[in-house]
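Q: Next come a sequence and a model predicted from it.
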Amino acid sequence: MNIRHYSSEDFQGCVELFINVFNREPWNDRWTQEKARQYLKDYVDTPGFKGFVAEDIAIRGFIMGVRKRWWSSDEFFINEMCVEIADQRSGVGTKLLDHLGNALKSEGIERITLLTSREVPAEQFYKKNGFVTIDSLIFMNKNM
């Protein structure tokens with residue numbers, strides 16, 4: 001499995017993988033090609049974007065996010081991470097995180113942040129890889 005920087009040629013493969021993974025358990029989303037393309041394009045086009053893909057013959061996983069400027073030090077926010085269902089629990093996700101972490105360290109970025117749902121496999125995956133819950137923060141929304 002090769003881990004490399006995301007390139008624009010990877011976009012459609014990432015869209016297809018994203019739909020395949022997140023339209024199934026435990027997420028059960030209903031992404032269409034058009035909505036998924038718009039969603040991921042917004043991230044790819046954001047200043048400070050960085051992404052990596054895991055591939056063999058096809059893209060088996062990806063991670064993408066943005067550098068965020070902060071008063072104490074820059075941090076990186078993971079917008080999306082996705083691993084082919086057949087490759088989950090095989091080390092692909094950890095390799096993507098490790099590759100990202102090494103790249104960020106070389107750029108002087110000291111922290112990675114993300115959001116995920118509670119009580120889904122992703123929560124334990126991130127904890128296993130050194131992430132902790134921040135009790136002083138809350139996630140809020142308002143329906144319009």
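A: On my side now, so go ahead.
Q: Phi and psi next, for residue 70.
A: phi -140, psi 160 (degrees, to the nearest 10).
Q: Going by residue numbers, what spans are strands in the chain?
A: 2-5, 49-55, 59-68, 75-83, 111-114 (DSSP state E).
Q: Contacts for the second one, please.
A: So the one you mean is strand 49-55. Strand 49-55 is contacted from outside by 1-6, 10, 13-14, 43-44, 59-67, 76, 83, 87, 92, 95-96, 99-100, 103-104, using C-beta atoms under 8 Å, 6 or more residues apart in numbering. For glycine as for every other residue, the C-beta is placed from the backbone atoms N, C-alpha and C.
Q: Can you give the strand pairings for that strand, parallel or anti for each?
A: If you go by DSSP bridges, strand 49-55 pairs up with strand 2-5 (antiparallel), strand 59-68 (antiparallel).
Q: Residue 32: which of those strands is closest?
A: strand 59-68 (19.0 Å; C-beta to C-beta).
Q: contacting residues around that closest one?
A: Here strand 59-68 makes contact (C-beta under 8 Å, 6+ apart) with 1, 6, 10, 13-14, 17, 40, 43-44, 46-54, 74-84, 87, 92-93, 96-97, 100, 107, 109, 112-114.
Q: let's see it at 7 Å
A: For strand 59-68, contacts defined as C-beta atoms under 7 Å, 6 or more residues apart in numbering pick out 1, 6, 10, 13-14, 17, 43, 46, 48-54, 74-84, 87, 92-93, 96-97, 100, 109.
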